[in-house]
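[1] From the sequence below, what's the structure:
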Amino acid sequence: QVQLDESGGGLVQAGGSLKLSCAASGRTFRYYFMGWFRQAPGKEREFVAGIRRSSGDTYYANSVEGRFTISKDNDKNTVWLQMNSLKPEDTAVYYCAASSVLTRDSQWFKSWGQGTQVTVSS
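    Next comes the predicted model:
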């Protein structure tokens, strides 16, 4: 089991930036792919970005491509999500998750953090 702990959420004005962190502990060698998801009130949880642990290949949702950047440090067992040019529609609870397969489907992510709130004001 991998334990995940997110931090870095907060309130920011539109056009601003935030950087989320996800610290992993436990059996971190088990995960192959790390992802960030978000869930806004009344909406389904959606894939935001993902990164392969071995190669560092990155994957993004169309809605955040060019604005968000996912990165990692395997030695620190940490994954970050740099969010720039934030929009009010980016407001959501953001979750870090770990999967043993490369996928954007949340059902394949077996370890989840508690979530961190990101609020973007207009």
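
[2] what about Leu20, which helix or strand?
    For Leu20, the host element (DSSP states H and E) is strand 18-26.

[3] cool, Thr103 as well?
    Going by DSSP H and E, Thr103 is not in any helix or strand.

[4] Identify the residue spatially nearest to it, adjacent ones excluded.
    Using Cβ to Cβ, 6 or more residues apart in numbering and skipping residues adjacent in sequence, the residue nearest Thr103 is Phe33, 6.9 Å away. C-beta here means a position set from N, CA and C on the backbone, and glycine is covered the same way.

[5] was I right about the one you found contacting Leu102?
    Yes. In this structure, Phe33 is within contact of Leu102 by Cβ atoms under 8 Å, at 4.8 Å.

[6] Which residue of the two possesses the greater neighbour count?
    Shown here are Phe33 and Leu102; by other Cβ atoms under 10 Å, Phe33 has more neighbours (21 against 16).

[7] Report the angle between the helix or strand that the strand holding Leu20 is followed by and strand 18-26.
    Reading on from strand 18-26 to the C-terminus, the next helix or strand found by DSSP H and E is strand 33-39. Put simply, strand 33-39 runs at 130 degrees to strand 18-26, going by axes from the mean of the first three to the mean of the last three Cα atoms, to 10 degrees.

[8] which residues touch strand 33-39?
    Contact with strand 33-39 is made by 20, 22, 24, 45-53, 70, 72, 79, 81, 90, 92-104, 106, 109, 115, 118, as judged by Cβ atoms under 8 Å, 6 or more residues apart in numbering.

[9] What subset of those residues is buried?
    Buried positions within the contacts of strand 33-39, assessed by neighbour count (16 or more other Cβ atoms under 10 Å), are 20, 22, 24, 45, 47-51, 53, 70, 72, 79, 81, 90, 92-99, 102-104, 106, 109, 115, 118.
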